[in-house]
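**Q** Any chance you can model this:
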Amino acid sequence: MATITVEIRYANRPSDVKNFAQAKVTIGRESGDIVLGDPAASGQHAEINITSTNVTYVDLNSTNGSFLPDGRRLGPPIALQPGNEVRIGGCAIILRDFQAGGARYGAKGTLVMAEYPEAAPASPPKMESLRAGVGAAPAGLAFDDTVKPNQVSPFHAGAQPPPGIGAPPLGAYPPGAPPGQHLGAPPPGAPPGQYLGAPPPGAPPPGQYQYPGAPGMGAPMMAGIGAGGALEPGAFLSSAVEAYKPHMLEATKVIGIVAIPLALLNAVAGYIPFVGVVIAILTSIALALFNVLVGVGAQAEFGLRLAAGVPMTAPQALKLQVGRMIPWFVGLFLPALLAGLGAICIVPFILFGFFLLPVYMVEKDKSGIDINKRVFELVQKEPVMVAVLIGVVFAAALGFGLATLVLGLLPFIGAALVSVLSAVFSAAFSPFVTFLTFRLYFAIRQKHERVDAAAIARATLAPVA
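**A** Alright, predicted model coming up:
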């Protein structure tokens, strides 16, 4: 009989671990084998199918979807392996263990045997035959004189342990990492006999790992961080676009649900003498107030959650921001003012305002001018990546500006068309820029500070309805 162990991280209550031995595990908002209690989950959201050879996750055409940690929405059923994670709203479901037919399957589907198979050799090999080229045992330790048949000695030069035997705990090395890269194994090029399957002094605890070549431990590798922990602009932007595409329409609704209708009203008002001018002024004031008090905050919340791998809907983002708009405005006023003054000169704005929203929303211990100082510190860590992102935004804005300049020359409809298209462009492009900013913030902290800031953010998210 096949059994699985699943960890459920709820949005608004402590995590839980459950074992299941049936062929199908149902997941729902208020009913099922796994009850999430999350408004973003559907009544019958998904199911996990278990056979003697695999575990499969199936989204049952849920309204808000199921997502991978990088933000991609799941379509067809996917095979799960221990360590894989699926997110539903503010919840996460992680397959921790899979056992079938007396065997246990570890990370990446490797078969983990409970014991080495016993044979009956006529004469067990002596340890002396395995010591050649290895060197002396470390201080305080001694070699065993014999080794069981079929058992690989930890001192055998160049030997690889059987899959799952002596391997690090789940999550201890990144997907696809070559043998020897995980904690508990000698680093490449280490002298023989210096490691006994234990981490070297100062190594991070089980469950963390180093990205290859990085001087220390960190969170799971984010797309766009290459060999040696280097941020690669092309790979970073490409992975960000792929993660964002499934959520583009929902992101556009955050501001567009108000901005686009107001732009249409403004465009129509332009054809009404006298009264149209008043309508245009009122709609402009209404849009400015909406953006300052609600739009920017809702867009930031949407971008933060998407970058952290727990996407939300536009109505959820707007509702959350409406409930906190006054403390939000007060808390952000001073650092935003300082960054705004710097906008007169682009360089100061970049140095003190670029990561304003990520720092304000994730690093809760900072306020006022300390937020600007922290932004300055982060920008200095990756000036090239920040410059690339600014360049992408500037190029897109310039291209759209030139297009509207031409459209504005059209007789009769030019001004109205530009007004509406500007609202659509802003509603569609600005959330993507916000998402990129949060994603880059997470990557910088992961690379330079070895901190999983996305996990910190997820732990402090307010519950949504």
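**Q** Just the buried residues of the host helix or strand of T283, please?
**A** Using DSSP states H and E, T283 maps to helix 275-290. Buried residues in helix 275-290, counted by 16 or more other Cβ atoms under 10 Å: 279-280, 283, 287, 290. Every residue, glycine included, has its C-beta placed from N, CA and C.
**Q** For stretch 420-427, give the mean pLDDT please.
**A** On average, the pLDDT along stretch 420-427 is 90.
**Q** Equivalent analysis for stretch 309-325, please.
**A** The pLDDT scores in stretch 309-325 average 90.
**Q** and if you look at stretch 362-376?
**A** On average, stretch 362-376 scores 87.
**Q** what's the straight distance from one end of it to the other?
**A** 16 Å (Cα to Cα, to the nearest Å).
**Q** which residues touch it?
**A** Contacting residues not belonging to stretch 362-376 are listed as 304, 331, 334-335, 338-339, 351-356, 359-360, 441, 453, 456-457, 460 [Cβ atoms under 8 Å, 6 or more residues apart in numbering].
**Q** Assign I93 to helix, strand or coil.
**A** The three-state assignment at I93 reads strand, by DSSP: H, G, I helix; E, B strand; the rest coil.
**Q** Next, find the distance separating it from N61.
**A** Look at I93 and N61: by Cβ to Cβ, to the nearest Å, they are 18 Å apart.
**Q** So for these two, which residue has more residues nearby?
**A** I93 (22 against 10; other Cβ atoms under 10 Å).
**Q** For stretch 412-423, buried residues please.
**A** 416, 418-421, 423.
**Q** Kindly report the same for stretch 86-101.
**A** So stretch 86-101, judged by 16+ other Cβ under 10 Å, has buried residues 86-100.
**Q** what do you get for stretch 442-454?
**A** Buried-residue list, stretch 442-454, by 16+ other Cβ under 10 Å: 442-448, 450, 452-454.
**Q** Farthest-apart pair in those residues, please.
**A** The largest separation in those, counting by Cβ to Cβ, is between H448 and A454 at 14.8 Å.
**Q** neighbours around the residue nearest to V292 when sequence neighbours are not counted, how many?
**A** Distances taken as Cβ to Cβ, 6 or more residues apart in numbering put F329 closest to V292, at 7.1 Å, once the chain neighbours are dropped. When neighbours are defined as other Cβ under 10 Å, F329 has 15 of them.
**Q** what about F329, distance to D370?
**A** 18 Å.
**Q** Also A308?
**A** 23 Å.
**Q** between these two, which one's more packed in?
**A** Legend: neighbour count by other Cβ under 10 Å for A308 and D370, higher for A308 (24 against 13).
**Q** Backbone dihedrals for the more buried one, please?
**A** Note on A308: its backbone torsions stand at phi -90, psi 0 [degrees, to the nearest 10].
**Q** Next: G32.
**A** Main-chain torsions, G32, degrees, to the nearest 10: phi 120, psi 180.
**Q** Check the one 10 residues further on too.
**A** The phi and psi torsions at S42 (degrees, to the nearest 10) take the values phi -80, psi 170.
**Q** Quick check, it in contact with D59.
**A** No - look at S42 against D59 with Cβ atoms under 8 Å: they stay out of range, at 9.2 Å.
**Q** Give me the next element, helix or strand, following the host helix or strand of K18.
**A** Using DSSP H and E, K18 maps to strand 16-20. Next in sequence after strand 16-20, counting helices and strands by DSSP H and E, comes strand 24-28.
**Q** elements contacting that following strand?
**A** The helices and strands touching strand 24-28, judged by 3 or more Cβ pairs under 8 Å, 6 or more residues apart in numbering; DSSP states H and E, are strand 34-35, strand 46-50.
**Q** possible to save these as a markdown table with mean neighbour count, mean pLDDT and distance to T5?
**A** Formatted as a markdown table, these follow (neighbours: other Cβ atoms under 10 Å; pLDDT from 0 to 100; distance: least, Cβ to Cβ, whole Å):
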| stretch | mean neighbour count | mean pLDDT | distance to T5 |
| --- | --- | --- | --- |
| strand 34-35 | 19 | 94 | 13 |
| strand 46-50 | 22 | 94 | 11 |
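**Q** mind putting those strands in TSV, distance to G401 included?
**A** Formatted as TSV, the helices and strands packed on strand 24-28 follow (distance: least, Cβ to Cβ, whole Å):
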stretch	distance to G401
strand 34-35	50
strand 46-50	44
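**Q** Minimum distance to P383: which of the ones you listed has it?
**A** strand 46-50 (43.0 Å).
**Q** what's next to the closest one, contact-wise?
**A** Against strand 46-50 from outside (Cβ under 8 Å, 6+ apart): 2-4, 6, 20, 22-27, 55-60, 62, 66, 77, 80, 86, 88.
**Q** Can you say which of those residues are buried?
**A** 2, 4, 6, 20, 25-27, 55, 57-59, 62, 66, 80, 86, 88.
**Q** Look over the residues you listed and name the one with the lowest pLDDT score.
**A** The member of the buried ones among the contacts of strand 46-50 with the lowest pLDDT is A2, at 86.
**Q** wait, what's in contact with that residue?
**A** Contacts for A2 (Cβ under 8 Å, 6+ apart) come out as 21, 50-52, 98-101.
**Q** out of those residues, which one sits closest to L389?
**A** F98 (40.5 Å).
**Q** For the stretch 351-465 of the chain, give me the ranges with low pLDDT.
**A** Within the stretch 351-465 of the chain, the stretches with pLDDT under 70 are 465.
**Q** for it, what spans make up the helices?
**A** 356-362, 369-381, 383-407, 414-449, 453-459 (DSSP state H, counting those that start in this stretch).
**Q** Please identify the most buried of those helices.
**A** When you average the neighbours per residue for each of the helices of the stretch 351-465 of the chain (mean count of other Cβ atoms under 10 Å), helix 356-362 leads with a mean of 22.
**Q** Pretty sure A100 sits against A23.
**A** No - between A100 and A23 there is no contact, the gap being 11.8 Å when judged by Cβ under 8 Å.
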